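>>> fold the following, please.
(one chain, ligands or ions: 1)
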Amino acid sequence: MNKFIVVTGGTKGIGLAILQKFAQQGFDVATCSRSQKDLDTLKSELEKQHSCNVIVVKADMSKRNDIKVFSDAVIKLNRPVDVLVNNAGYFAQGQICTEPEGTLENTMEANVYSAYYMTRELVSLMKKNKKGHIFNMCSVASIKAYPSGASYGISKFALLGFSKVLREELKKYGIRVTAVMPGATRTASWEKSDLPEDRFMKSEDIADLVYASHALSDKSVVEEIVIRPQLGDI
Ligand SMILES: NC(=O)c1ccc[n+]([C@@H]2O[C@H](COP(=O)([O-])OP(=O)(O)OC[C@H]3O[C@@H](n4cnc5c(N)ncnc54)[C@H](OP(=O)(O)O)[C@@H]3O)[C@@H](O)[C@H]2O)c1
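Numbers count the residues shown, from 1 in each chain. Next up is the predicted model:
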């Protein structure tokens, strides 16, 4: 049976690149996003390109009920989850003193609680199998303060905290936990930016690193990945 990866937010950007990389390597995949149309397109393209099964579920990961719908669909398959990538999230510009009230709450729901609840739903499957690998899509904004993305930065610091605690908690179960901290990566998140291409990384490079970290033996865990554009931060 193929190995199995679950990626939240896999129809675009870094999540999509990760799905493509793992599908290429013979994994079956499950993913979600808020657009059924994008999910249907992704499923038919991936299944055409690779000999893998693709499960797609429409779910807004900032909503507790939708997380349950997606995780229940995965659990119902009754098979081991080898890799979970908590990837769904978004960037919103703003400063602590001036951003609209509610920005922090909304950003935390989408970027942090999504990973917390999705992990809680799927970790018992991994514990049962005494193996698994959880990647949390943090950011260089998890380790450096960027004043133009206030709530985003707060959420990504929190997600790194979540990842570190999870790593300690899951050591004894044979489950690996990796925090991925990319700098600027050319994706839909940056579509309004007119910065030159060489200020960005390719999402495929992030996917290659995630795959390489997973492909190591179970004896090792890459705890943190920090990767920036060659020219540094924007
Ligand atoms: N790009 C960068 O420079 C960069 C750098 C560091 C970290 N990151 C992190 O990497 C992750 C992916 O970023 P990206 O740039 O690849 O973003 P992206 O190109 O905007 O893609 C995001 C993906 O997640 C889905 N998504 C977004 N919000 C969702 C939600 N609430 N529920 C379910 N699916 C959702 C999107 O589909 P729908 O919109 O249709 O739902 C899409 O498939 C994020 O956590 C981001 O913070 C990105």
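
>>> list of residues touching the strand ranked longest in the chain?
Criterion DSSP state E: the longest strand present in the chain is strand 175-182. Here strand 175-182 makes contact (CB atoms under 8 Å, 6 or more residues apart in numbering) with 14, 123, 126-127, 131-140, 142-143, 159-160, 163-164, 166-167, 170, 201, 206, 209-210, 213-214, 218, 221-228. For every residue, glycine as well, the C-beta is placed using N, CA and C.

>>> let's go with 7 Å and repeat that
126, 131-140, 142-143, 160, 163, 166-167, 170, 201, 206, 210, 213, 221-227 (CB atoms under 7 Å, 6 or more residues apart in numbering).

>>> and it, which residues are buried?
Across strand 175-182, burial judged by 16 or more other CB atoms under 10 Å covers 175-182.

>>> and for stretch 74-94?
Judged by neighbour count using 16+ other CB under 10 Å, the buried positions of stretch 74-94 are 74, 81-89, 91-92, 94.

>>> closest to Pro147 among the buried residues of strand 175-182?
Met181 (18.4 Å; CB to CB).

>>> and that closest one, what pLDDT?
The model reports Met181 with a pLDDT of 98.

>>> for it, give the beta-bridge partners.
On the basis of DSSP bridges, Met181 is bridged to Val226.

>>> so which of the buried residues of strand 175-182 also contact the ligand?
For the ligand, the contacts drawn from those by CB under 6 Å from any ligand atom are Pro182.

>>> and the helix or strand following the longest strand of the chain, what's buried?
Moving toward the C-terminus from strand 175-182, the next helix or strand (DSSP states H and E) is helix 203-215. By neighbour count on 16+ other CB under 10 Å, the buried set for helix 203-215 is 203, 206-207, 209-211, 213-214.
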